[in-house]
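>>> what follows is a predicted structure for the sequence shown.
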Amino acid sequence: MTQSDNNKIRVSHDSEQIDLIDLLIQLWRGKWIIALFIIIAALIAGAYVTFAKEKWTSTAVITMPDIGQIAGYTNVATILYGDTKVDINETQQRVINRFSGAFSALSETLSNQSVPEELTIDMAVKGQALPLKVTYQSDSAKNAQHGLAKYIQQVDEQIADELIDDLTMNMRLRVNELQASLITQEKIAQEQKNLRISQITQALKVANESDIKVPQAQQSDNLTQDSLFLLGSAALESMIKNESSRPLVFSDVYYKTKQNLLDIQRIKPDPENIHGYRYVMKPTEPLFRDSPKRSLTLLLAVVLGALVGAGVVLVRNALRHYQPRA
(Lines give C-alpha, C1' and ligand atoms only; values in the text may rest on other atoms or scores of the structure.)
Protein backbone atom coordinates (compact mmCIF):
# COMPACT_ATOMS: atom_id res chain seq x y z
CA MET A 1 0.00 0.00 0.00
CA THR A 2 1.39 3.43 -0.91
CA GLN A 3 2.02 6.35 1.40
CA SER A 4 -0.78 8.24 -0.33
CA ASP A 5 -3.25 5.49 0.47
CA ASN A 6 -2.20 5.50 4.15
CA ASN A 7 -2.76 9.25 4.41
CA LYS A 8 -6.24 8.93 2.92
CA ILE A 9 -7.19 6.26 5.44
CA ARG A 10 -5.87 8.39 8.36
CA VAL A 11 -7.80 11.42 7.19
CA SER A 12 -10.93 9.34 6.80
CA HIS A 13 -10.55 7.99 10.40
CA ASP A 14 -9.89 11.44 11.82
CA SER A 15 -13.02 12.82 10.23
CA GLU A 16 -15.13 10.19 11.99
CA GLN A 17 -13.65 10.82 15.47
CA ILE A 18 -15.33 13.24 17.88
CA ASP A 19 -13.40 16.47 18.28
CA LEU A 20 -13.94 17.42 21.94
CA ILE A 21 -12.67 20.95 21.49
CA ASP A 22 -15.00 21.48 18.55
CA LEU A 23 -17.84 20.00 20.62
CA LEU A 24 -17.20 22.40 23.48
CA ILE A 25 -17.05 25.31 21.07
CA GLN A 26 -20.40 24.32 19.59
CA LEU A 27 -21.95 24.10 23.05
CA TRP A 28 -20.52 27.48 24.03
CA ARG A 29 -21.91 29.08 20.92
CA GLY A 30 -25.28 27.57 21.69
CA LYS A 31 -25.22 28.55 25.37
CA TRP A 32 -28.31 30.75 25.07
CA ILE A 33 -30.34 27.87 23.66
CA ILE A 34 -29.10 25.63 26.46
CA ALA A 35 -29.88 28.34 29.03
CA LEU A 36 -33.39 28.66 27.55
CA PHE A 37 -34.05 24.94 28.01
CA ILE A 38 -32.67 25.07 31.54
CA ILE A 39 -35.02 27.95 32.39
CA ILE A 40 -37.99 26.12 30.85
CA ALA A 41 -37.16 22.93 32.77
CA ALA A 42 -36.68 24.90 36.00
CA LEU A 43 -40.05 26.62 35.53
CA ILE A 44 -41.78 23.30 34.94
CA ALA A 45 -40.06 21.81 38.01
CA GLY A 46 -40.99 24.86 40.07
CA ALA A 47 -44.63 24.54 39.03
CA TYR A 48 -44.58 20.83 39.91
CA VAL A 49 -43.03 21.46 43.31
CA THR A 50 -45.54 24.22 44.02
CA PHE A 51 -48.71 22.40 43.01
CA ALA A 52 -47.84 18.71 43.54
CA LYS A 53 -49.48 17.00 46.52
CA GLU A 54 -47.10 16.77 49.45
CA LYS A 55 -46.38 13.44 51.11
CA TRP A 56 -45.32 13.18 54.74
CA THR A 57 -44.76 9.92 56.62
CA SER A 58 -45.24 9.42 60.35
CA THR A 59 -43.66 6.39 62.02
CA ALA A 60 -44.36 4.53 65.26
CA VAL A 61 -42.86 1.41 66.82
CA ILE A 62 -45.03 -0.96 68.87
CA THR A 63 -44.59 -4.27 70.67
CA MET A 64 -46.64 -6.71 72.76
CA PRO A 65 -48.72 -5.20 75.59
CA ASP A 66 -47.56 -5.18 79.20
CA ILE A 67 -49.23 -7.47 81.72
CA GLY A 68 -51.22 -4.55 83.10
CA GLN A 69 -52.53 -3.66 79.64
CA ILE A 70 -54.22 -7.05 79.28
CA ALA A 71 -55.16 -7.43 82.93
CA GLY A 72 -58.82 -6.89 82.06
CA TYR A 73 -58.60 -10.02 79.93
CA THR A 74 -56.31 -12.24 81.99
CA ASN A 75 -58.15 -11.54 85.26
CA VAL A 76 -61.41 -12.75 83.77
CA ALA A 77 -59.70 -15.75 82.16
CA THR A 78 -58.18 -16.65 85.54
CA ILE A 79 -61.61 -16.57 87.18
CA LEU A 80 -62.99 -18.68 84.35
CA TYR A 81 -60.33 -21.38 84.25
CA GLY A 82 -57.96 -20.87 87.18
CA ASP A 83 -54.37 -19.65 87.47
CA THR A 84 -52.80 -22.82 86.06
CA LYS A 85 -54.62 -22.55 82.74
CA VAL A 86 -53.77 -18.92 81.90
CA ASP A 87 -50.34 -18.38 80.32
CA ILE A 88 -49.55 -14.65 80.47
CA ASN A 89 -46.72 -14.76 77.92
CA GLU A 90 -48.78 -16.78 75.47
CA THR A 91 -51.67 -14.36 75.91
CA GLN A 92 -49.42 -11.34 75.24
CA GLN A 93 -48.07 -12.96 72.07
CA ARG A 94 -51.54 -13.94 70.89
CA VAL A 95 -52.86 -10.42 71.43
CA ILE A 96 -50.05 -8.68 69.49
CA ASN A 97 -50.42 -11.21 66.66
CA ARG A 98 -54.10 -10.41 66.57
CA PHE A 99 -53.31 -6.70 66.53
CA SER A 100 -50.83 -7.15 63.67
CA GLY A 101 -53.33 -9.13 61.62
CA ALA A 102 -56.08 -6.56 62.11
CA PHE A 103 -53.69 -3.72 61.26
CA SER A 104 -52.62 -5.49 58.06
CA ALA A 105 -56.27 -5.97 57.10
CA LEU A 106 -56.95 -2.26 57.68
CA SER A 107 -53.90 -1.38 55.58
CA GLU A 108 -55.23 -3.49 52.70
CA THR A 109 -58.67 -1.90 53.01
CA LEU A 110 -57.28 1.64 52.92
CA SER A 111 -55.10 0.89 49.89
CA ASN A 112 -58.15 -0.36 47.94
CA GLN A 113 -60.24 2.78 48.48
CA SER A 114 -61.16 5.13 45.64
CA VAL A 115 -58.71 7.56 47.26
CA PRO A 116 -55.99 5.20 48.58
CA GLU A 117 -54.28 5.78 51.90
CA GLU A 118 -50.83 4.38 52.60
CA LEU A 119 -50.72 2.58 55.95
CA THR A 120 -48.02 -0.05 56.51
CA ILE A 121 -46.86 -2.46 59.20
CA ASP A 122 -43.58 -4.36 59.12
CA MET A 123 -40.76 -5.68 61.32
CA ALA A 124 -38.77 -2.91 62.96
CA VAL A 125 -35.69 -5.14 63.12
CA LYS A 126 -35.08 -7.51 60.24
CA GLY A 127 -35.36 -11.14 61.32
CA GLN A 128 -37.21 -10.34 64.58
CA ALA A 129 -40.96 -10.64 64.90
CA LEU A 130 -41.10 -7.82 67.43
CA PRO A 131 -41.14 -4.87 67.68
CA LEU A 132 -43.26 -3.74 64.73
CA LYS A 133 -42.89 -0.53 62.73
CA VAL A 134 -46.07 1.13 61.51
CA THR A 135 -46.22 4.12 59.15
CA TYR A 136 -48.87 6.37 57.66
CA GLN A 137 -48.52 8.85 54.81
CA SER A 138 -50.55 12.05 54.47
CA ASP A 139 -50.46 15.53 52.94
CA SER A 140 -48.95 17.24 56.00
CA ALA A 141 -46.78 16.36 58.94
CA LYS A 142 -49.57 16.90 61.48
CA ASN A 143 -52.10 14.92 59.45
CA ALA A 144 -49.65 12.03 59.10
CA GLN A 145 -48.99 11.97 62.85
CA HIS A 146 -52.66 12.27 63.85
CA GLY A 147 -53.76 9.80 61.17
CA LEU A 148 -51.33 7.13 62.36
CA ALA A 149 -52.36 7.62 65.99
CA LYS A 150 -56.01 7.41 64.97
CA TYR A 151 -55.61 4.15 63.08
CA ILE A 152 -53.55 2.56 65.86
CA GLN A 153 -56.26 3.47 68.36
CA GLN A 154 -58.95 2.22 65.98
CA VAL A 155 -57.31 -1.19 65.68
CA ASP A 156 -56.67 -1.28 69.44
CA GLU A 157 -60.36 -0.66 70.15
CA GLN A 158 -61.28 -3.33 67.61
CA ILE A 159 -59.01 -5.86 69.32
CA ALA A 160 -60.41 -4.94 72.74
CA ASP A 161 -63.97 -5.47 71.47
CA GLU A 162 -63.01 -8.81 69.92
CA LEU A 163 -61.39 -9.97 73.16
CA ILE A 164 -64.48 -8.88 75.10
CA ASP A 165 -66.62 -10.89 72.69
CA ASP A 166 -64.35 -13.89 73.24
CA LEU A 167 -64.62 -13.50 76.99
CA THR A 168 -68.40 -13.11 76.82
CA MET A 169 -68.74 -16.28 74.78
CA ASN A 170 -66.37 -18.21 77.08
CA MET A 171 -68.21 -16.89 80.13
CA ARG A 172 -71.50 -18.08 78.70
CA LEU A 173 -70.06 -21.52 77.97
CA ARG A 174 -68.45 -21.70 81.41
CA VAL A 175 -71.67 -20.66 83.16
CA ASN A 176 -73.55 -23.38 81.30
CA GLU A 177 -70.85 -25.88 82.26
CA LEU A 178 -70.93 -24.92 85.94
CA GLN A 179 -74.73 -24.90 86.07
CA ALA A 180 -74.81 -28.36 84.53
CA SER A 181 -72.27 -29.52 87.13
CA LEU A 182 -74.38 -28.12 89.97
CA ILE A 183 -77.50 -29.80 88.64
CA THR A 184 -75.64 -33.10 88.43
CA GLN A 185 -74.29 -32.77 91.98
CA GLU A 186 -77.74 -31.80 93.31
CA LYS A 187 -79.26 -34.80 91.56
CA ILE A 188 -76.65 -37.10 93.07
CA ALA A 189 -77.21 -35.60 96.55
CA GLN A 190 -80.98 -36.08 96.19
CA GLU A 191 -80.49 -39.69 95.10
CA GLN A 192 -78.21 -40.28 98.08
CA LYS A 193 -80.87 -38.82 100.39
CA ASN A 194 -83.60 -40.94 98.83
CA LEU A 195 -81.41 -44.01 99.15
CA ARG A 196 -80.79 -43.25 102.82
CA ILE A 197 -84.52 -42.84 103.52
CA SER A 198 -85.24 -46.05 101.62
CA GLN A 199 -82.67 -47.92 103.67
CA ILE A 200 -84.08 -46.64 106.98
CA THR A 201 -87.64 -47.42 105.82
CA GLN A 202 -86.62 -50.98 105.04
CA ALA A 203 -84.95 -51.27 108.44
CA LEU A 204 -88.17 -49.95 110.09
CA LYS A 205 -90.18 -52.61 108.29
CA VAL A 206 -87.87 -55.31 109.61
CA ALA A 207 -88.00 -53.81 113.13
CA ASN A 208 -91.82 -53.80 113.08
CA GLU A 209 -91.96 -57.37 111.84
CA SER A 210 -89.47 -58.36 114.57
CA ASP A 211 -91.38 -56.33 117.16
CA ILE A 212 -88.26 -54.40 118.09
CA LYS A 213 -89.31 -51.03 119.51
CA VAL A 214 -86.30 -50.05 121.58
CA PRO A 215 -82.64 -50.12 120.56
CA GLN A 216 -80.97 -53.51 120.86
CA ALA A 217 -77.48 -52.21 120.14
CA GLN A 218 -75.34 -49.93 122.28
CA GLN A 219 -73.48 -48.17 119.40
CA SER A 220 -75.32 -47.32 116.21
CA ASP A 221 -72.13 -46.34 114.37
CA ASN A 222 -71.10 -49.97 114.01
CA LEU A 223 -74.42 -51.05 112.55
CA THR A 224 -74.60 -52.04 108.89
CA GLN A 225 -77.60 -51.78 106.61
CA ASP A 226 -78.55 -55.34 107.45
CA SER A 227 -78.42 -54.69 111.22
CA LEU A 228 -79.92 -51.19 111.21
CA PHE A 229 -83.27 -52.58 112.38
CA LEU A 230 -81.68 -53.18 115.81
CA LEU A 231 -82.14 -49.46 116.55
CA GLY A 232 -85.80 -50.13 117.07
CA SER A 233 -88.93 -48.86 115.35
CA ALA A 234 -89.20 -45.68 117.44
CA ALA A 235 -85.68 -44.54 116.59
CA LEU A 236 -86.06 -45.50 112.96
CA GLU A 237 -89.30 -43.53 112.61
CA SER A 238 -87.56 -40.50 114.09
CA MET A 239 -84.65 -40.97 111.66
CA ILE A 240 -87.00 -41.11 108.66
CA LYS A 241 -88.71 -37.90 109.76
CA ASN A 242 -85.35 -36.21 110.27
CA GLU A 243 -83.91 -37.36 106.94
CA SER A 244 -86.98 -36.16 105.05
CA SER A 245 -86.74 -32.64 106.44
CA ARG A 246 -82.95 -32.37 106.38
CA PRO A 247 -81.47 -30.34 103.50
CA LEU A 248 -79.32 -32.03 100.90
CA VAL A 249 -75.72 -32.64 101.86
CA PHE A 250 -73.10 -31.45 99.37
CA SER A 251 -69.35 -31.89 99.14
CA ASP A 252 -66.79 -29.07 99.11
CA VAL A 253 -66.62 -29.41 95.33
CA TYR A 254 -70.25 -28.29 95.09
CA TYR A 255 -69.67 -25.11 97.05
CA LYS A 256 -66.49 -24.33 95.13
CA THR A 257 -68.43 -24.75 91.89
CA LYS A 258 -71.18 -22.52 93.25
CA GLN A 259 -68.66 -19.84 94.24
CA ASN A 260 -67.01 -19.97 90.80
CA LEU A 261 -70.40 -19.57 89.14
CA LEU A 262 -71.28 -16.55 91.28
CA ASP A 263 -67.89 -14.97 90.59
CA ILE A 264 -68.35 -15.36 86.83
CA GLN A 265 -71.88 -13.98 86.91
CA ARG A 266 -70.58 -10.84 88.63
CA ILE A 267 -67.89 -10.22 85.98
CA LYS A 268 -68.30 -7.23 83.68
CA PRO A 269 -65.31 -7.10 81.29
CA ASP A 270 -64.23 -3.54 80.55
CA PRO A 271 -62.62 -2.86 77.13
CA GLU A 272 -60.91 0.20 78.61
CA ASN A 273 -58.63 -2.17 80.54
CA ILE A 274 -57.65 -4.21 77.48
CA HIS A 275 -55.03 -3.07 74.95
CA GLY A 276 -53.42 -4.95 72.10
CA TYR A 277 -50.05 -3.18 71.96
CA ARG A 278 -47.50 -1.03 73.77
CA TYR A 279 -45.67 1.93 72.28
CA VAL A 280 -41.90 1.69 71.93
CA MET A 281 -42.01 4.95 69.95
CA LYS A 282 -45.14 7.04 69.60
CA PRO A 283 -46.19 8.41 66.18
CA THR A 284 -43.62 10.97 65.09
CA GLU A 285 -44.24 14.32 63.48
CA PRO A 286 -41.98 14.13 60.40
CA LEU A 287 -39.48 16.93 59.86
CA PHE A 288 -38.96 16.30 56.15
CA ARG A 289 -41.49 15.43 53.52
CA ASP A 290 -41.10 12.43 51.26
CA SER A 291 -42.11 14.28 48.12
CA PRO A 292 -41.85 16.50 46.25
CA LYS A 293 -38.25 17.31 47.21
CA ARG A 294 -37.57 20.88 46.06
CA SER A 295 -33.78 20.82 45.87
CA LEU A 296 -33.50 17.44 44.17
CA THR A 297 -36.34 18.19 41.75
CA LEU A 298 -34.84 21.54 40.70
CA LEU A 299 -31.37 20.02 40.36
CA LEU A 300 -32.66 17.22 38.15
CA ALA A 301 -34.63 19.77 36.11
CA VAL A 302 -31.50 21.88 35.53
CA VAL A 303 -29.49 18.82 34.49
CA LEU A 304 -32.25 17.57 32.22
CA GLY A 305 -32.74 21.03 30.69
CA ALA A 306 -29.00 21.32 30.05
CA LEU A 307 -28.88 17.88 28.43
CA VAL A 308 -31.87 18.58 26.19
CA GLY A 309 -30.51 22.02 25.26
CA ALA A 310 -27.08 20.58 24.45
CA GLY A 311 -28.70 17.88 22.36
CA VAL A 312 -30.68 20.44 20.41
CA VAL A 313 -27.54 22.53 19.75
CA LEU A 314 -25.50 19.54 18.58
CA VAL A 315 -28.26 18.15 16.38
CA ARG A 316 -28.85 21.58 14.81
CA ASN A 317 -25.14 22.02 14.04
CA ALA A 318 -24.88 18.50 12.69
CA LEU A 319 -27.75 19.10 10.32
CA ARG A 320 -26.24 22.37 9.14
CA HIS A 321 -22.91 20.80 8.22
CA TYR A 322 -24.22 17.53 6.98
CA GLN A 323 -22.90 16.57 3.55
CA PRO A 324 -24.07 13.44 1.84
CA ARG A 325 -21.29 11.01 0.94
CA ALA A 326 -20.51 10.62 -2.75
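Structure's in. What do you need? Quick caveat: nothing in here was measured; it's all calculated off a predicted structure.

>>> what mean pLDDT would you report for the strand or helix carrying residue 203?
For residue 203, the host element (DSSP states H and E) is helix 141-209. For helix 141-209, mean pLDDT is 89.

>>> which sections of the stretch 201-326 of the chain are below the confidence cut-off?
Low-confidence segments of the stretch 201-326 of the chain (pLDDT under 70): 216-227, 229, 291-294, 296-297, 321-326.

>>> how about the strands in it?
Secondary structure of the stretch 201-326 of the chain (DSSP state E, counting those that start in this stretch): strands at 278-281.

>>> what about residue 57, how many residues nearby?
Residue 57 has 20 neighbours, counted by other CB atoms under 10 Å. The way it works is simple: take the backbone N, C-alpha and C, and place the C-beta from them, glycine included.

>>> an error on my part: the question was meant for residue 195.
10.

>>> residue 37 too?
Using other CB under 10 Å, residue 37 is surrounded by 20 other residues.

>>> that one reaches residue 303, doesn't it?
No: applying CB atoms under 8 Å as the test, residue 37 and residue 303 come out as separate, 11.0 Å apart.

>>> the helix holding residue 203: how far from the chain's middle?
Remark: helix 141-209 is offset 29 Å from the chain centroid, using CA atoms, centre = their mean, to the nearest Å.

>>> quick one: contacts for residue 197?
240, 243, 244 (CB atoms under 8 Å, 6 or more residues apart in numbering).

>>> can I assume the first one is in contact with residue 200?
Yes: in this structure residue 240 lies within contact range of residue 200 using CB under 8 Å: 5.2 Å.

>>> three-state assignment of residue 134?
Following DSSP: H, G, I helix; E, B strand; the rest coil, we place residue 134 in the strand state.

>>> so how far is residue 141 from it?
17 Å (CB to CB, to the nearest Å).

>>> those two: which is more packed in?
residue 134 (25 against 18).

>>> that one bridge partners, please.
Residue 134 has these beta-bridge partners by DSSP bridges: residue 60, residue 121.

>>> kindly report the same for the one 4 residues further on.
When assigned by DSSP bridges, residue 138 has beta-bridge partners residue 56.

>>> hmm, it is touching residue 150, no?
No: using CB under 8 Å, residue 138 is not in contact with residue 150, being 10.6 Å away.

>>> neighbour count: the two, which is higher?
The residue with more neighbours, out of residue 138 and residue 150, is residue 138; 20 against 13, by other CB under 10 Å.

>>> residue contacts, that one?
Per CB under 8 Å, 6+ apart, neighbours of residue 138: 55, 56, 58, 117, 144, 147.

>>> surely the third one meets residue 281?
This points to residue 58. No: look at residue 58 against residue 281 with CB under 8 Å: they stay out of range, at 10.7 Å.

>>> the two: which is more packed in?
residue 58 (23 against 13).

>>> which parts of the stretch 201-326 of the chain are helices?
Listed in chain order, the helices of the stretch 201-326 of the chain (DSSP state H, counting those that start in this stretch) span 233-245, 252-265, 294-320.

>>> go on, the stretch 1-150 of the chain?
Using DSSP H, counting those that start in this stretch, the helices of the stretch 1-150 of the chain run over residues 3-16, 20-29, 31-51, 71-81, 88-111, 141-209.
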